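K.L.:
The following comprises the amino acid sequence and a computationally predicted model.
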Protein chains: 2
Amino acid sequence: MSEKDHPQAHDHRHDHSQQAAKEKFLERLKEQGFKLTGKRQMIVDILLGEDRYISAKELLERMQEVFPRLSFDTVYRNLRLLQEEGIIEESTFGDGGSKYRITCGTHDHHHHHYICTVCGKTELVEGCPMDLLGITAPRGFQIESHRFEIFGQCEDCH
Amino acid sequence: MSEKDHPQAHDHRHDHSQQAAKEKFLERLKEQGFKLTGKRQMIVDILLGEDRYISAKELLERMQEVFPRLSFDTVYRNLRLLQEEGIIEESTFGDGGSKYRITCGTHDHHHHHYICTVCGKTELVEGCPMDLLGITAPRGFQIESHRFEIFGQCEDCH
DNA sequence: ATCAATGCAAACCTTTTGCACGCGT
DNA sequence: ACGCGTGCAAAAGGTTTGCATTGAT
């Protein structure tokens, strides 16, 4: 058996592995009885095409160029579904709303991000503080999850 | 017992240093021409009395026991002022709103928190990942800030 | 007597929901 | 044809703002 082609490399933009990831995502939806509508696919396409956190508002506006009658409710319903399926992840920053990005796609290993405060672009952080710090929780504290993000301006934005 | 006590049984107030911190905070406000109203002081008292993230709604409800006509706008206006003065800090979690806690008070050194997802209680994390990890930003990325929080359930909540 | 602080109401913004119709399978 | 997906409208939260009044200094 030959294995998959491109194993790694944090290549920017849509390469074959990302395309494959999309297929996998959509396949997963199909198996659960959900339908592959144009709007649903477009959300995945937009998020898959950019390593960025994007707001529901921006998604709506960009999608309205193709689907003029699209409204917020459909965007939010799809975002929620994609999130429940583990296809996208949500995060909140200080600006009063949520933003979304595709999950790492092909390799779903645990990771953290550098996040551009101007455009929302993300890049992977090497390592995780939970592994590398000698984290010792306070007596009785049961750790469930953590959040680690580094904010700043990316090369293109400053 | 020289200090005035809260009627509640579960206060985790540390000691005189926090009282001193409060005086310092209020002094700072006074110097800038702001007034020391009972409502303003009560917000500081509540937040200072507990190492917790508290929502505007919870603050409102607790303060309404003393100020029945108090409404959200006043709470928010005061929260914003206290935040601009660096007296409190705001953070958002997945629940659609902001929560607030007192800044570390006496010692304002950089820090991170364990945060109880049930009651919002916080405890200090030893060390900071930015110091202890070999953080090397991607080419051209200018780091401005970071966020590191460990979520779970505290001793009292599980 | 000032000028900030407050209460009230209404506006605003993001997100959610009920319902009837349209569309992917 | 079935049942999910969508558009529309309206509602639900959380937060902000304009304005007249109250209150701290």
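P.N.:
Alright, I've got the coordinates.

K.L.:
what's the following helix or strand after the host helix or strand of A:Gln41?
P.N.:
Following DSSP states H and E, one finds A:Gln41 within helix A:38-49. Downstream of helix A:38-49, the next assigned helix or strand under DSSP H and E is strand A:54-55.

K.L.:
That next one pairs with which strands?
P.N.:
Strand pairing for strand A:54-55, determined by DSSP bridges: strand A:98-102 (antiparallel).

K.L.:
So what's the residue count around the residue lying closest to A:Ala56 once chain neighbours are set aside?
P.N.:
Leaving aside its sequence neighbours, A:Ala56 sits nearest to A:Val75 (C-beta to C-beta, 6 or more residues apart in numbering or on different chains; 5.3 Å). Glycine gets a C-beta too; all of them are placed from N, C-alpha and C. Neighbour count of A:Val75, defined by other C-beta atoms under 10 Å in any protein chain shown: 22.

K.L.:
Can you verify my assumption that A:Val75 contacts A:Leu60?
P.N.:
Yes: A:Val75 is in contact with A:Leu60 according to C-beta atoms under 8 Å; the separation is 5.0 Å.

K.L.:
so how far is the helix ranked longest in chain A from its chain's centroid?
P.N.:
The residue-count maximum for a helix in chain A (DSSP state H) belongs to helix A:16-31. Relative to the centre of its chain, helix A:16-31 is centred 14 Å away, using C-alpha atoms, centre = their mean, to the nearest Å.

K.L.:
And for stretch A:121-128?
P.N.:
13 Å.

K.L.:
Show residues contacting it.
P.N.:
Residues from elsewhere that reach stretch A:121-128, judged by C-beta atoms under 8 Å, 6 or more residues apart in numbering or on different chains: A:10, A:50-53, A:101, A:110-116, A:148, A:150, A:154, A:156-157, B:133-136, B:138, B:141.

K.L.:
Domain-wise, how is chain A divided?
P.N.:
Following automatic domain parsing, chain A resolves into domains at A:10-102, A:108-152.

K.L.:
give me the low-pLDDT residue ranges for chain A?
P.N.:
Counting by pLDDT under 70, chain A shows low-confidence ranges at A:1-15, A:104-108, A:133-134.

K.L.:
ok, 90 please
P.N.:
Residue ranges of chain A with pLDDT under 90: A:1-28, A:51, A:94-96, A:103-111, A:126-127, A:131-137, A:158.

K.L.:
What ranges does it have for its helices?
P.N.:
Counting by DSSP H, the helices of chain A are A:16-31, A:38-49, A:56-64, A:72-84, A:129-132.

K.L.:
Need those helices in a markdown table (columns: distance to B:Gln41).
P.N.:
A markdown table is the format used below for these (distance: least, C-beta to C-beta, whole Å):
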| stretch | distance to B:Gln41 |
| --- | --- |
| helix A:16-31 | 53 |
| helix A:38-49 | 47 |
| helix A:56-64 | 39 |
| helix A:72-84 | 40 |
| helix A:129-132 | 37 |
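
K.L.:
looking at those, which is closest to A:Ser91?
P.N.:
helix A:72-84 (10.9 Å; C-beta to C-beta).

K.L.:
Which residues of chain A lie near DNA strand C?
P.N.:
Selection of chain A residues close to DNA strand C by C-beta under 7 Å from any atom of the strand yields A:30, A:35-38, A:55-57, A:72-73, A:76-77, A:80, A:96-98.

K.L.:
Buried ones among the contacts of stretch A:121-128?
P.N.:
Buried members of those, counted by 16 or more other C-beta atoms under 10 Å in any protein chain shown: A:50-53, A:101, A:112-116, A:148, A:150, A:154, B:133, B:135, B:138, B:141.
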